[in-house]
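*Asks:* following is a predicted model, sequence given first.
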Amino acid sequence: MFSSRLPADLAPTPLARAMETARQRGDVIDLTESNPTRAGFAYPDLHAVFDRLDLVAYDPDPRGLAAAREAIAADYARRRVAVAADRILLTASSSESYAHLFKVLCDPGDGVLVPVPSYPLFDHLAGLEGIRLVPYRLEYHDRWHLDVDDLARCLDDRIRAVLVVSPNNPTGSVLRRDDLDRLARLCADRQLALIGDEVFADYPVVDAASPAAVSVIEQHTALAISLGGLSKSAGLPQLKLGWMAVGGPDDVVRAALERLELVADTYLSVASPVQRATPELLQLAPRIREQISARLTANLSTLRQVAASYPACEVLPVEGGWSAVLRVPATRTDEHWALALAEQARVIVYPGFFFDFERDGYLVVSLLVTPVDFARGIARLFETIDRG
């Protein structure tokens, strides 16, 4: 009766059940928390923003209201990326941006190259659109590396796009400028789109070892689409606004925007109030970003200080984003470690397999957690692992 695009088994996994049981028992520290509205930050008065708006008028534009797109173009300029407002299209979320792109770029059965490790949401989005995900692996040698030659070997005749996530979730790695140039040439030669998930771009944690690319739309060789949104850049996931900025050769950009506009016009999913509020919300965003950035820096410092007393564990380098990867003894599977932490220590973490790490020995934690809870949770985590 039901579509095969959805998983056949929707029952929660043993780990999901254990996490829920731990939450119900109380005294649980959730080191996977990634919702900034639950992380104790001081938000400006958002009610005042919307009180000043006309919430009745409805004049839909499939690309998004001009004032909102102009504000987003100015926000790219803040990051030293030049993009015209007429090359920006609004969506209700980054997930919807992906759905629109997969519709425009792919026929059923076509493929998109995606990095691993990375966020598992891509699997669900691809399944719902009837396309294939073809993984290319990020390699770790003192830091995470993208091997463009290895990526090229993953291509087949039905690949339509290459996805990069910078900063990556969860590895925290960033795309290097020289890798972007090589990727752009590869995509132009093979007539592929280059999709850059840049939702964490406002949260660099350390200086990169070599020059980092600010955005995939910095280059003009290949069709490139930069994804962003209020959820991360302004810490406002509840307001549901994402965007795509399109770069590359003029004729290809024009053709892509025409098709994206047709898809967007079919749904018209972005609410008018949040579009009207966008210019002011982006002006308020630095107040929230500064708090988040300070939290990330403080928690990463705590994590490294505590980990220094446990030589069997290692905190991998973090260049950006909201997560940290821990390398732990592979004496148990990652799932068993996560289960033990949930059941014995009342600490919730992500196991590495959740992000498609290729072997056991990796756990992932969020750096967004309130500092007191983070310090308590990390202490419990390392004590539990040390006991084996």
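*Replies:* Great, that's in hand.
*Asks:* so S226: helix, strand or coil?
*Replies:* Of the three states, S226 takes strand under DSSP: H, G, I helix; E, B strand; the rest coil.
*Asks:* residue contacts, it?
*Replies:* By Cβ atoms under 8 Å, 6 or more residues apart in numbering, the contact set of S226 is Y76, V81, V83, G196, E198, S215, V216, I217, M244, A245, V246, G247. C-beta: built from backbone N, CA, C; applies to glycine.
*Asks:* change it to 10 Å
*Replies:* 76, 79, 81, 83, 87-88, 97, 194-199, 201, 214-218, 243-247 (Cβ atoms under 10 Å, 6 or more residues apart in numbering).
*Asks:* buried subset of those residues?
*Replies:* For those, a burial check counting by 16 or more other Cβ atoms under 10 Å picks out 76, 81, 83, 87-88, 97, 194-199, 201, 214-218, 243-247.
*Asks:* mind listing which of those are in helices?
*Replies:* Within the buried ones among the contacts of S226, residues falling in helices by DSSP state H are Y76, S97.
*Asks:* pretty sure E129 is touching A99, no?
*Replies:* Yes - checked against Cβ atoms under 10 Å, the pair E129 and A99 is within contact range at 6.3 Å.
*Asks:* per-domain residue ranges of the protein.
*Replies:* Domain segmentation of the chain under automatic domain parsing yields 14-42+285-387, 54-284.
*Asks:* can I get those domains in CSV including distance to A48?
*Replies:* As requested, the domains of the chain are exported to CSV (distance: least, Cβ to Cβ, whole Å):
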stretch, distance to A48
domain 14-42+285-387, 14
domain 54-284, 9
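*Asks:* what are the ranges of the helices in the stretch 251-388 of the chain?
*Replies:* Taking DSSP state H, counting those that start in this stretch to define them, one finds helices in the stretch 251-388 of the chain at 272-307, 334-340, 371-387.
*Asks:* hey, which of those helices is tucked in deepest?
*Replies:* helix 334-340 (a mean of 20; mean count of other Cβ atoms under 10 Å).
*Asks:* what does that helix rub up against?
*Replies:* Helix 334-340 is contacted from outside by 13-15, 17-19, 22, 32, 326, 328-333, 347-355, 357, 359-364, 381, 384-385, 387-388, using Cβ under 10 Å, 6+ apart.
*Asks:* switch the cut-off to 8 Å
*Replies:* Around helix 334-340, the neighbours that count as contacts under Cβ under 8 Å, 6+ apart are 14-15, 18, 328, 332, 348-353, 357, 360-363, 384-385.
*Asks:* would you show me how to pick out the buried ones of those residues in PyMOL?
*Replies:* Buried members of the contacts of helix 334-340, defined by 16+ other Cβ under 10 Å, are picked up in PyMOL with:
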select buried, resi 15+18+328+332+348+349+350+351+352+353+357+360+361+362+363+384+385
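*Asks:* quick revisit: out of the domains of the chain, which is closest to M1?
*Replies:* Of all the domains of the chain, domain 54-284 sits nearest to M1, with 17.3 Å by Cβ to Cβ.
*Asks:* and the closest one, end to end?
*Replies:* Distance between the two ends of domain 54-284: 19 Å, counting by Cα to Cα, to the nearest Å.
*Asks:* cool, and stretch 261-276?
*Replies:* First-to-last residue span, stretch 261-276, Cα to Cα: 19 Å.
*Asks:* show me the strands in the stretch 101-250 of the chain, by range?
*Replies:* Under the criterion DSSP state E, counting those that start in this stretch, the stretch 101-250 of the chain contains strands at 111-116, 132-137, 139-141, 143-145, 159-165, 193-197, 224-229, 242-247.
*Asks:* right, so of the ones you listed, which gets closest to I292?
*Replies:* I292 sits nearest to strand 224-229 of all these, at 14.5 Å, using Cβ to Cβ.
*Asks:* okay, the angle between that closest one and strand 159-165?
*Replies:* Using axes from the mean of the first three to the mean of the last three Cα atoms, to 10 degrees, the direction of strand 224-229 lies 50 degrees away from that of strand 159-165.
*Asks:* quick one: average pLDDT of strand 224-229?
*Replies:* The average pLDDT for strand 224-229 rounds to 98.
*Asks:* tilt between that strand and strand 193-197?
*Replies:* Using the same axes, to 10 degrees, the direction of strand 224-229 lies 20 degrees away from that of strand 193-197.
*Asks:* quick one: strands adjacent to strand 224-229?
*Replies:* The partner list of strand 224-229 in its sheet, established with DSSP bridges, is strand 193-197 (parallel), strand 242-247 (antiparallel).
*Asks:* just how off-centre is that strand within its chain?
*Replies:* 11 Å (Cα atoms, centre = their mean, to the nearest Å).
*Asks:* okay, that strand in CSV with CA atoms only?
*Replies:* The C-alpha trace of strand 224-229 is given here as CSV (Å, rounded to 0.1, in the frame of the first residue of the first chain):
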residue,chain,number,x,y,z
ALA,A,224,27.2,26.2,-7.7
ILE,A,225,24.5,26.5,-5.1
SER,A,226,25.2,27.8,-1.6
LEU,A,227,22.8,26.7,1.1
GLY,A,228,22.1,28.7,4.3
GLY,A,229,19.3,29.6,6.7
